[in-house]
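> give me coordinates for this.
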Amino acid sequence: MSVNGTEPIATTAGESRLRRNALNASHIVASTLASIAPAMSFFFGFAVIVQGAGLAAPLTILTATVVILFLTNTIAEFSRFTPSTGSFVTFTGKAFGPSVGTAVSVFITFGYVVAASTVVSIAGTWIAETLKLFLGISIHWAILTVLISAATGWLVMRGVALSTLWSGIFFYFEVGLLILGSIFMLVAHRGFLTLAPFRISNLSGGLAGLGAGFPLAIYLFIGWENSASLAEETENPRRDIPRALITCALAIGIFYTFLAYATAVGLRMDAHALVASRLPFIDGLKASAPALLVVAYIAGVTSILGSLIGLVNSQARILFNSGREGLLPEFLGKIHPRHQTPHSALWVFLTIAVALILGFGLFGGVAPMDYFGFACTLGTIPIILTYMLTNLALPIYVIRHQRSELNIFRHVLLPIAGTLIMLFPLWGLIQPGQVWPFNIFPWIALSALFLSVIYGIVIARLSPGLAARIGVYVADQ
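Okay, here's the model as predicted:
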């Protein structure tokens, strides 16, 4: 760990920069949407949402879309003022100081690694099931998990333009297959095309039902913010990153709502069938066009592959930026001499994510599908807390550093409102009385937060020049 320097690292920026102008707006939109993994996230997440909301589950997704848009404003405004690969770490560090920025770098890494491990947990399992179901080939999920993760790391290391191209290809192919399957469900059961899923009266349990699945609805969107961490490699980050953030949040919210409605139609607007289904979209497609079942499975495969590429690309860059600015061990800030990619950070990120699922799956006896539910719940807690802190950071940052640009509505009212609204899904994740192991997840997250804060305070005191280094790598400077 480099903790003694007092000079801004910008003096050696030429050796620590990622490849400039490698991405345009369409690249970052495709990569960000791919990292969300709409097929995989919807297949498994929607089942949990309908458990609470019933037939009106689409209302939960629409509500989550509105909540995410509040934070979209915050990240977009930060990216307009100081576009940075450090994303949340840079934004909170600029507003609250080096100790907070350093603590966030550890806490958000914990959340993202755990959340990313859910994609890894599904990767081997889903592809193994697909191969066995349609080709009769049996390969253990753990072997496929390691192979897929290694291939993803190699592709991401080879270059951001190349890996982003492939994540975009996988994403658009996935979306095409999902739309095809949804259209068949709508046509096959066109007699059930009603507005029942959007009526509050069909919301099981009222607001309690809405809240039960709301944390999972927020989880469906995780990854929408990844555009911000690609700022340094984007042609015009101050313009393109805010546009990409808004585009991705709106597009994925509308798309999820469409999939949710088509699924309800596919199951003939039967609330009991929705709640009883483990994979509602798959079951809806079986009931509507069983010959297209392979389409859904292939969409799941491409969703997993595109998501892994997008996640590793974006999250490794946050880890990398923290390393080169001295918040985390400096080896994380190393760049591949040929490809100009953060190879050290990406392999560390992937290795930890793979180790988590292999450890719990092979040695802890936790089935990969169960691990998905556990990890997405635990990983979402620090991510939501970071969302809230970033919302609060915006007005402080603007008042301190951009006072002439202050807009009360965009820079004060919307961020504060977004923070208050985020209390709703947070409470769903930490409320007392939950079953094992969900009842210990808030304590695990609290412990991670405590250790992150201690780490931040210690590093800030040991490194007097840390405040000058946070955010020194402005993307277009």
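> please count neighbours and contacts with C-alpha atoms only from this point.
OK.
> what's the end-to-end length of stretch 426-436?
18 Å (CA to CA, to the nearest Å).
> residues making contact with that stretch?
211-212, 214-215, 377, 381, 384-385, 439, 441-442 (CA atoms under 8 Å, 6 or more residues apart in numbering).
> quick one: residue 115 and residue 401, what's the gap?
Counting by CA to CA, the gap from residue 115 to residue 401 is 33 Å.
> look at these two and report which has more neighbours.
Neighbours were tallied for residue 115 and for residue 401 using other CA atoms under 10 Å; the higher tally belongs to residue 115 (27 against 14).
> so the more buried one makes contact with residue 375?
Yes: using CA atoms under 8 Å, residue 115 is in contact with residue 375, at 6.0 Å.
> low-confidence regions, the stretch 151-300 of the chain specifically.
207-208 (pLDDT under 70).
> for it, just list every one of the helices.
Assigned by DSSP state H, counting those that start in this stretch, the stretch 151-300 of the chain shows helices spanning 160-188, 207-221, 237-266, 271-276, 280-288, 293-324.
> save those helices as JSON lines, and put in mean neighbour count and distance to residue 412 too.
Converted to JSON lines, those look like this (neighbours: other CA atoms under 10 Å; distance: least, CA to CA, whole Å):
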{"stretch": "helix 160-188", "mean neighbour count": "21", "distance to residue 412": "34"}
{"stretch": "helix 207-221", "mean neighbour count": "23", "distance to residue 412": "23"}
{"stretch": "helix 237-266", "mean neighbour count": "22", "distance to residue 412": "18"}
{"stretch": "helix 271-276", "mean neighbour count": "18", "distance to residue 412": "40"}
{"stretch": "helix 280-288", "mean neighbour count": "23", "distance to residue 412": "40"}
{"stretch": "helix 293-324", "mean neighbour count": "26", "distance to residue 412": "26"}
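> the helix or strand containing residue 397 packs against which elements?
Here residue 397 sits within helix 368-401, counting by DSSP states H and E. Under the contact criterion of 3 or more CA pairs under 8 Å, 6 or more residues apart in numbering; DSSP states H and E, helix 368-401 touches helix 57-81, helix 88-96, helix 98-135, helix 207-221, helix 414-430, helix 441-462.
> can I get the ones you listed in CSV including distance to residue 154?
Shown next, in CSV, are the helices and strands packed on helix 368-401 (distance: least, CA to CA, whole Å):
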stretch, distance to residue 154
helix 57-81, 29
helix 88-96, 26
helix 98-135, 15
helix 207-221, 26
helix 414-430, 35
helix 441-462, 30
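> pick the most buried one from those helices.
Most buried of the helices and strands packed on helix 368-401, by mean neighbour count (mean count of other CA atoms under 10 Å): helix 88-96, with a mean of 26.
> got the angle for that one vs helix 368-401?
30 degrees (axes from the mean of the first three to the mean of the last three CA atoms, to 10 degrees).
> by contact count, what packs against helix 88-96?
By 3+ CA pairs under 8 Å, 6+ apart, helix 88-96 packs against helix 98-135, helix 368-401.
> pLDDT (mean, whole number) over the longest one?
So the one you mean is helix 98-135. Averaged across helix 98-135, the pLDDT comes to 90.
> please name the nearest non-neighbouring residue to residue 159.
If you skip the residues right next to it in sequence, residue 159 has residue 339 as its closest partner in space, 5.5 Å away by CA to CA, 6 or more residues apart in numbering.
> so the one you found, which of the three states?
Secondary structure, DSSP: H, G, I helix; E, B strand; the rest coil: residue 339 is coil.
> contact partners for the spatially closest residue to residue 114 that is not a sequence neighbour?
Nearest non-adjacent residue to residue 114, counting by CA to CA, 6+ apart: residue 379, 5.0 Å away. Residue 379 is in contact with 110-115, counting by CA under 8 Å, 6+ apart.
> burial count for the residue nearest to residue 159?
15.
> my read: it touches residue 162, true?
No: the pair residue 339 / residue 162 is not scored as a contact, 10.5 Å apart, by CA under 8 Å.
> quickly list what's touching both of the two.
Joint contacts of residue 339 and residue 162 (CA under 8 Å, 6+ apart) do not exist.
> so who does the closest residue to residue 304 other than its chain neighbours touch?
In this structure, residue 304 finds its nearest non-sequential neighbour in residue 123, 5.9 Å apart by CA to CA, 6+ apart. The neighbourhood of residue 123, defined by CA under 8 Å, 6+ apart, consists of 144-145, 148, 301, 304-305.
> with residue 347 instead?
residue 153.
> that older thread, reformat the helices and strands packed on helix 88-96 as CSV; add distance to residue 414.
Shown next, in CSV, are the helices and strands packed on helix 88-96 (distance: least, CA to CA, whole Å):
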stretch, distance to residue 414
helix 98-135, 22
helix 368-401, 8
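> out of those helices, which is closest to residue 471?
The closest of these to residue 471 is helix 98-135. By CA to CA, the value is 9.8 Å.
> so that closest one versus helix 293-324, what angle?
Using the same axes, to 10 degrees: helix 98-135 against helix 293-324 is 160 degrees.
> how far out from the middle of the chain is helix 98-135?
The chain centre lies 9 Å from the centre of helix 98-135; the measure is CA atoms, centre = their mean, to the nearest Å.
> also stretch 295-313?
On CA atoms, centre = their mean, the centre of stretch 295-313 falls 13 Å from the chain's centre.
> how about stretch 250-259?
16 Å.
> spatially nearest residue to residue 257, not counting backbone neighbours?
residue 58 (5.6 Å).
> ok so, going back, just the contacts of residue 123 now: which is nearest residue 354?
residue 145 (7.6 Å).
> thought residue 197 was touching residue 53?
No: using CA under 8 Å, residue 197 makes no contact with residue 53, being 9.8 Å away.
> of the two, which one has the most company?
The neighbour comparison of residue 197 against residue 53 (other CA under 10 Å) goes to residue 53, with 29 against 23.
> now that one: which helix or strand?
Here residue 53 is assigned to helix 38-53, by DSSP H and E.
> any idea how far residue 392 is from residue 275?
From residue 275 over to residue 392 (counting by CA to CA), the distance is 37 Å.
> do the same with residue 304
Distance from residue 304 to residue 392, by CA to CA: 33 Å.
> residues touching residue 303, list them.
34, 37-40, 170-171, 174.
> please redo it, this time with the cut-off set to 10 Å
Residues near residue 303 by CA atoms under 10 Å, 6 or more residues apart in numbering: 34-41, 119, 123, 167, 170-175, 297.
> same check, this time on residue 263
46, 58, 181-182, 185-186, 257, 269, 274, 280-285 are the contacts of residue 263 under CA under 10 Å, 6+ apart.
> name the residues contacting each of residue 197 and residue 53.
With CA under 10 Å, 6+ apart, residue 197 and residue 53 have common neighbours 59, 203, 271.
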